[in-house]
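Q: Got a predicted model here, sequence first, then my questions.
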Amino acid sequence: MRSKAIAAVGVAAVGALALAACTGGGSSGGASSGGATAAGPITLNYWAWGTAQDGMVAAWNKSHPDIQVKRTDAGGGTDSSTKLLTATRAGNAPDTALVEFQTVPAMIVANVATDITKYVGDAKGSFTNSVWSLVTFNSAIYGVPQDVGPMAFIYNKDRLDKLGVSLPTTWAEFATAAKKVHAADPSTYLSTFNTSEFGFFAGMAQEAGAKWWSVDGTTWTVQIDGPESIAVANYWQDLLDSGAIKAEDLLTPQWNQELNNGKILSWPSALWAPGVIYGVAPKMAGQWAMAPLPQWTPGNSAVAYQGGSAVVVTTSSKHPKEAAAFAAWINSSQEGAGVQLSTGQYPASKLGQESATKSAPPLLMPQQTDYWQLGSKIAANTIPSISWGPDVNVASSAFQDAMAKAVANRTPLRDALTEVQKVVVADMKKTGFTVAN
Amino acid sequence: MTTTNPHPPMRRRRRGTAAPYVFLTPAVVLYVCFLLIPILYSIFLSFRGLRLVSGGAFGHRQETFIGLGNYATALTDPEFLAGFRRLAIYGIIAVPLTLGLALLFALLLDLGAARAKRFSRTAIFIPYAVPGVVASLMWGFMYLPVTSPFSYITEKLGWGTIPFLENPEIFSSVANIAIWSGVGFNMIILYTSLRGIPTDILDSALMDGANEWQIAARIKIPLVAPALVLTGLFALIGTLQVYGEPTTLRPMTNAITQTWVPLMTIYRDAFIRDNLSLAAASSVVLALGTLVVSVVLLRLTQKRAFGED
Amino acid sequence: MSTDVRGASHSTPLLAKAVPTAVLLVGAFYCLVPVAWVLVASTKSRSQLFTTFTLAPGTGLADNLRNLFAYGDGQYGKWALNSLLYAGVGAVLSMIVSTMSGYALAKYRFRGSNVVFFAILGGVLLPGITLAIPQYLLMSKIGIAGSAWSVLLPSIISPFGIYLSRVYAMSAVPTETMEAARLDGASERRIFSAIATPMMVPGMVTVFMLQFVGIWNNFLLPFIMLSDQDRYPITVGLYTLLSKGSGEPALYSLAIIGSALSIIPLVLLLLFLQRFWRMDLISGGLKG
């Protein structure tokens, strides 16, 4: 009796296995695209995170009945891109995926993202040159920008006014303001220094004129510890040493509570920040405001990007043309932009940014009615070309480790930068790239 | 054990030949598919690496044979080795405390005099039902100054907050999570082992005038030594493979780096740096180390008769 | 089984009763405090979480529950069902395979039995990460990566379960009974199913419980195998609530209430199975 049951289970298991293998496992993360038979529509798979995605995909599906897209949430930026690498190796990758700008070169080198120049050439006009340059490598296009994060200064205006500190417009003024804030109330800090915010530090360095990776022909130059970047490291070093700024991880329960209690007064980051702050401190609506990011040189106004992502088409896709059309459409059409704005994404497309100026300000700062006008001014004035290298993931993890160690052991931050430089160059050389230094 | 029906052994062996193989087939098939082949593939991978093939600044990388290069990198990587040092500190705290507390509670449960045994036993066992991620999350909040009840008390007493999440207290904090999770399970193993001690031995010891302490030390502990060794072995293997607790705590503290323990380094190499071959080599090193430690432990405790092991 | 040694209570002094009891209660308290904390914290709303005293209950329980189940179109419910599926089916299959294997290794003498046994035991030493990627690549080749099977199949083989079953079979299934049945003309299969299996029930329950808890609590394997968030078990699901990446804050209140809820089924299961399992199996095999 029991052995019959066992045998039955065994047969069922083998049967199910065979069935699953035949039908491709029925997994939504499985081999890309349902078959394009003459009768049925083509199905594309799309991996993306964020609240804007479902709306954009639904809008596409409605207007393109013969090319249907299925969206899967494969995790945030880092998780999703690591899964992409493994999935490509297994032949399991989706047709398209959302990838952060800084990760795109790594995707190219890992043979995940495919060249779509011939499919999306006419989408170029929908974006500014500096945004389009974020997906251009060696004159080939590898993705369509979806959202950008022009850097800006988000701060607790109420508290700053109460403490009698005026809004800083340069980093020098920021340092003075930080010291003044801390002197007025020793438990309050103008902002925190976060050792895992690689993107922010890179943005500040770029604003100072640093070019971490640049390529000339086939030779790379890596300058993560160039003079401008060292200056940025020294700047934060001084602030940390003086006690005016403390090192603390962002968005942890600790940080959230301090923010809510008015003990952390600003977050220099990007235009998408208000939504995040609102998520952890909804009661502070009306107390915060946005201003241009402080500059190194008075009178300058160009800023870098922090974050932002693009939609790439994968080498595993059997329908690159349709996939590229999907990517171009959701990121540059009126419907797509509408969804982006309603969910708090700042569109990369010119169309989207114009529409943004007609939207209501973010929930965190309903009193700042010119938010989007200011935002689009900032977005129109970004550093012309920002170049990421093929091993940004290595740089990012080395940066986080080295900085965390420097802060924990109280060694100079600039030494941590030099360490990152060493690791990145060694990694590129080992892989076989020609590196100038 | 006397057989009631003596018959020639030959007949028994011949009749039973096929059956054990049949019974073992599913396990062997699964083992080969999901343990043996993957580990062999890992070893194969460890001798290869990704190198640039096509030229150009954005050329593609491909896998080629590179011999012992990965092993050299792994064994000379200061972070990887530092991870082992940290593991040692963590292990020295976690393993003796887990087993010590488990033994203590087991002995106490075995005492006739103790009360509230049923409740305590169940309560101490509950952490076993909590997944590592959840346990780390809960303890993480208990460590954070803003939400920690312990820091709340010390603050009210004027002593400031307890620096659970800073160096060097971080080692005890992480170890504590493992201890909390492991005491109950090990306690039950030791307790049931204690219940298996024949009562005549204990009776005669009592009649000889021994008190409970002496009974515990001289009789009970030596008799559960095999169980202690087994739990010790598993605790050691668990220590060498610790991954979940530091990873979940990492967003909450600067003291835990991305490569705090060897398995985190392996994960970073495999997934974040997309260097599967290096990760494979490091895993082989880790597995060999675990093997060596286990064998040494078992050899050292060989005196406790193990039977057929 | 109660004797004077263990059952004696009437003549022992108060201190001898109080001290061990106190120590045990401290241990119980230590083990329960985080659980109590998470239950209390799950009643706090998002803004109360970081602003009120940590052990004071809040008013947001109903809201939290609603948000939890509404998140991602009911993803939490899906995660819970997935955990149940993976752990339930996985534990049953593992129990069957382990019992068959343990029985075979214990009650039969055949060539290679020791090799097989030690090889299987050696599987305990391998770190999960080492196996995960090759397993993933293998699953992709067969075409089932990302489906429930990719999580179930590797969970079925349990070296520890086989070890336990072997130990239990050795002591619980007398060879004479098997001999007698053979003489009566029973086939090996029948001996196993009709005679041995009923005798091994407590051991089987133990293996089932250990595997259920192990699979339910497993994080790494499903994290690597599955890419669709709808198929995640609770452990991986909770992790994604916490690690939303830069630009989106972790959903702490959801993670907390999700954790609080996830503990309940396992605790109930353990309490229910308490009277059936045989944990002395684990050390039993080592007695000289």
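A: Nice, thanks for sending it over.
Q: got any ranges where the chain has weak pLDDT?
A: No chain specified, so I'll use chain A. A:1-39 (pLDDT under 70).
Q: I was thinking of chain B, sorry if that wasn't clear
A: Short version for chain B, where the test is pLDDT under 70: B:1-17, B:54-57, B:302-309.
Q: What separation do you get for C:A80 and C:P34?
A: In this view, C:A80 and C:P34 are 21 Å apart by C-beta to C-beta, to the nearest Å. All C-beta spots, glycine's among them, are computed from the backbone N, C-alpha and C.
Q: Neighbour count: these two, which is higher?
A: Comparing C:A80 with C:P34 by other C-beta atoms under 10 Å in any protein chain shown, the one with more neighbours is C:P34, at 23 against 18.
Q: got a list of what the nearest residue to the more buried one once chain neighbours are set aside touches?
A: Nearest in space to C:P34, with sequence neighbours left out and distances taken as C-beta to C-beta, 6 or more residues apart in numbering or on different chains, is B:M138 at 4.0 Å. By C-beta atoms under 8 Å, 6 or more residues apart in numbering or on different chains, the residues touching B:M138 are B:V130, C:P34, C:V35, C:W37, C:V38, C:S259.
Q: Go ahead and confirm the second one touches B:A135.
A: Yes: using C-beta atoms under 8 Å, C:P34 makes contact with B:A135 at a distance of 7.2 Å.
Q: shared neighbours, these two?
A: Counting by C-beta under 8 Å, 6+ apart, the contacts common to C:P34 and B:A135 are B:W180.
Q: Closest to the mean position in the chain, which residue would that be?
A: Defaulting to chain A. A:G307 (2.8 Å; C-alpha atoms, centre = their mean).
Q: could you do chain B instead?
A: Note: chain B centre (C-alpha atoms, centre = their mean) maps to B:G238, 1.4 Å.
Q: any residues touching the host helix or strand of B:R51, and which ones?
A: Following DSSP states H and E, one finds B:R51 within strand B:48-52. Under the criterion C-beta under 8 Å, 6+ apart, residues A:431-433, B:59-66, B:69-70, B:274-275, B:277-278 lie in contact with strand B:48-52.
Q: Give me the buried entries from those residues.
A: In terms of neighbour count (16 or more other C-beta atoms under 10 Å in any protein chain shown), the buried residues within these are A:T431, A:F433, B:G59, B:R61, B:I66, B:G69, B:N70, B:D274, B:N275, B:S277, B:L278.
Q: Identify, from those, the entry nearest to C:P154.
A: Distance to C:P154, by C-beta to C-beta, is smallest for B:S277 among these, at 21.9 Å.
Q: Report the contact partners of the closest one.
A: Applying C-beta under 8 Å, 6+ apart, one finds that B:S277 lies in contact with B:L45, B:S46, B:F47, B:R48, B:G49, B:L50, B:E63, B:I66, B:N70.
Q: and if you look at C:P159?
A: C:P159 neighbours (C-beta under 8 Å, 6+ apart): C:I120, C:L121, C:G122, C:G123, C:V124.
Q: What residues of stretch A:311-325 count as buried?
A: A:311-317, A:319-320, A:322-325.
Q: quick one: buried residues of stretch B:41-60?
A: So stretch B:41-60, judged by 16+ other C-beta under 10 Å, has buried residues B:41-43, B:45-50, B:52, B:57-59.
Q: Can you get me the start-to-end distance on that stretch?
A: Taking C-alpha to C-alpha, to the nearest Å, stretch B:41-60 runs 23 Å from one end to the other.
Q: now do stretch B:32-51
A: The straight-line separation of the ends of stretch B:32-51 (C-alpha to C-alpha) is 31 Å.
Q: okay but A:L240 is in contact with A:F193, surely?
A: Yes: if you go by C-beta under 8 Å, A:L240 and A:F193 touch, sitting 6.0 Å apart.
Q: List the contacts of the residue in chain A that chain B sits nearest to.
A: The nearest approach of chain A to chain B comes at A:G432, 3.1 Å away (C-beta to the nearest C-beta). Applying C-beta under 8 Å, 6+ apart, we find A:G432 in contact with B:R51, B:L52, B:V53, B:G59, B:R61.
Q: picking that back up, quick one: mark the members of the contacts of strand B:48-52 that sit in helices.
A: A:T431, B:G69, B:N70, B:S277, B:L278 (DSSP state H).
Q: State the distance from the last one to chain A.
A: Spelled out, it's B:L278. Distance, B:L278 to chain A, by C-beta to the nearest C-beta, to the nearest Å: 10 Å.
Q: Near A:K62, how many other residues are there?
A: Residues lying near A:K62 (other C-beta under 10 Å) number 9.
Q: Just confirm it is within a helix.
A: Yes: according to DSSP: H, G, I helix; E, B strand; the rest coil, A:K62 belongs to a helix.
Q: Show me which residues of the stretch 151-300 of chain B sit near chain A.
A: B:167, B:251-255, B:257-259, B:268, B:271-274 (C-beta under 8 Å from any C-beta of the partner chain).
Q: List buried members of the residues you listed by neighbour count.
A: Neighbour counting with 16+ other C-beta under 10 Å marks B:251-255, B:257-259, B:268, B:271-274 as buried within these.
Q: Can you give me the domain boundaries for the chain?
A: Assuming you mean chain A. A:42-149+A:307-379, A:150-305+A:385-435 (automatic domain parsing).
Q: wrong one, I was asking about chain B
A: Following automatic domain parsing, one finds the domains of chain B at B:24-54+B:61-67, B:83-306.
Q: Looking at the ones you listed, which one is packed in the most?
A: The highest mean neighbour count among these, using mean count of other C-beta atoms under 10 Å in any protein chain shown, belongs to domain B:83-306: a mean of 20.
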